[in-house]
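Chemist: With the input below, show me the fold.
(chains A and B)
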Amino acid sequence: MITLNRSQTSQEVSREVQAVAACPRLPNWLLWGGMIGLVQIFAIATVQPLGVSTAYPQLVGYLVDKIVPGFAESQPYLQKIGAKIGWEVMLIIGIALGALLSRLLQGRAATTADACEVPQPFRSGFARGLAAFVGGFLILFGARLAGGCTSGHMLSGIAQLAISGFLFGAAAFATGVLIASLLLRRANSQA
Amino acid sequence: METTHILGLITGILFGFALHRAGFSRCTLVMRGLAFKDFTMLKVMLTAIAVGMVGAALLATFFPDHAHLKVKPLYVWGILAGGLIFGVGMAVAGYCPGTALVGLGGGVRDGILAVLGGLTGSFVFILAYPALEPVFIEPLNFGKVTLHELFGVGYLPVALVVAAMLIGIVLWLNRLEAKAQQARG
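Modeler: Just a heads-up that it's a prediction; the model follows:
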């Protein structure tokens, strides 16, 4: 688990991330933003555009059905998306493995670079943990209601010029910007 | 394992590696990004979208057999309500469904908790779906609408123009950030 140095600013952290980035010439955001674009092209050329959030209920359905047989068949949503281990669930397993691989290759520098510097209202470990859990709940509930998340609706939807992607992006950024600004403003006034 | 499974795993590993190197295991990047205190998140996202946009349009135009596009239907109420809920969650957690997994893989406690919250949220959604569908998903559904179809223009030209606009925004953000850094000394 990561130990967090609270006094470290995010600028210092991001400089460390940049220092360990593989390519010295390209800026970090351009190198890895471009890479994500290439991964998208690979995904479209092989199976389907990137999309993460479908895999969560598929995995939940698959696991719950193992414990309570017949659960997947009784739920209309699982009948629609399938309570199965397919491309989507393999994708999310891969994402976690890819992050782990990146961290292992980075070595010691990753310890502080990975740390989660958070705004003042969440400085206590318990409050921050609860916020991460509740936030995680909301992003999946919201993404499933909308039929996609940052990857499915924005990275893929907007890239395909889908109106649904633009609408989702506008809605998500509307509340996202509002809440994040309020949280970080409170953070500054208390600092 | 079938080919599809292996392709999913390879795609995921590349995606997770790139997201981790871009810095998304830390929830800070999304929180500060949404508050416009750090443009890294926007620059990475817009660059990725622009590259994917040009690539998808080139594939669809020149290699249509290899373009596995998947446009999501435009059901206004569900996307609007879901997007608004999603934005709140993203600001509070500092993660989206993909970057939470990057946090988990990177060994960050908050990423693990966000994934657990996400699995719980998915379970509740599965149970709530029969009640939600008639209200949010069935009405005002316009099907799979795209920008170029809506205006009756070619796919590739529109993709090139929009991608150029996105790159323009990225360059502008980059300059704003450089200026702010200079001002701070």
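
Chemist: Quick check: longest helix in chain A by residues?
Modeler: Among the elements of type helix in chain A, defined by DSSP state H, the one spanning the most residues is helix A:163-190.

Chemist: For whatever residue of chain B ends up closest to chain A, which non-adjacent residue is closest in space?
Modeler: Using CB to the nearest CB, the point where chain B gets nearest to chain A is B:G12, with a distance of 1.9 Å. For the C-beta atoms, the positions are set from N, CA and C on the backbone; glycine is no exception. Using CB to CB, 6 or more residues apart in numbering or on different chains and skipping the chain neighbours, the partner closest in space to B:G12 is A:G94 (1.9 Å).

Chemist: got a list of what the residue of chain A found nearest chain B touches?
Modeler: With distances taken as CB to the nearest CB, chain A approaches chain B most closely at A:G94, which sits 1.9 Å away. Residues in contact with A:G94 (CB atoms under 8 Å, 6 or more residues apart in numbering or on different chains) are B:G8, B:L9, B:I10, B:T11, B:G12, B:I13, B:L14, B:F15, B:G16.

Chemist: Dump those into a markdown table; add neighbour count, secondary structure and pLDDT as well.
Modeler: Supplementary listing: these in a markdown table, determined by neighbours: other CB atoms under 10 Å in any protein chain shown; DSSP: H, G, I helix; E, B strand; the rest coil; pLDDT from 0 to 100:
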| residue | neighbour count | secondary structure | pLDDT |
| --- | --- | --- | --- |
| B:G8 | 27 | helix | 97 |
| B:L9 | 21 | helix | 98 |
| B:I10 | 18 | helix | 98 |
| B:T11 | 24 | helix | 98 |
| B:G12 | 31 | helix | 98 |
| B:I13 | 24 | helix | 98 |
| B:L14 | 19 | helix | 98 |
| B:F15 | 30 | helix | 98 |
| B:G16 | 32 | helix | 97 |
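
Chemist: Could you report the neighbour count for B:L58?
Modeler: By the criterion of other CB atoms under 10 Å in any protein chain shown, B:L58 has 16 neighbours.

Chemist: Correct me if wrong, but it is in a helix.
Modeler: Yes. The secondary structure assignment for B:L58 places it in a helix, going by DSSP: H, G, I helix; E, B strand; the rest coil.

Chemist: Isn't it up against B:A163?
Modeler: No. At 10.7 Å, B:L58 and B:A163 do not qualify as touching, with contact defined as CB atoms under 8 Å.

Chemist: centroid residue for the chain?
Modeler: I'll assume chain A. A:T150 (7.7 Å; CA atoms, centre = their mean).

Chemist: Chain B, not that one
Modeler: To find the centre residue of chain B, average its C-alpha atoms and take the closest one (CA atoms, centre = their mean): that gives B:M45, at 7.3 Å.
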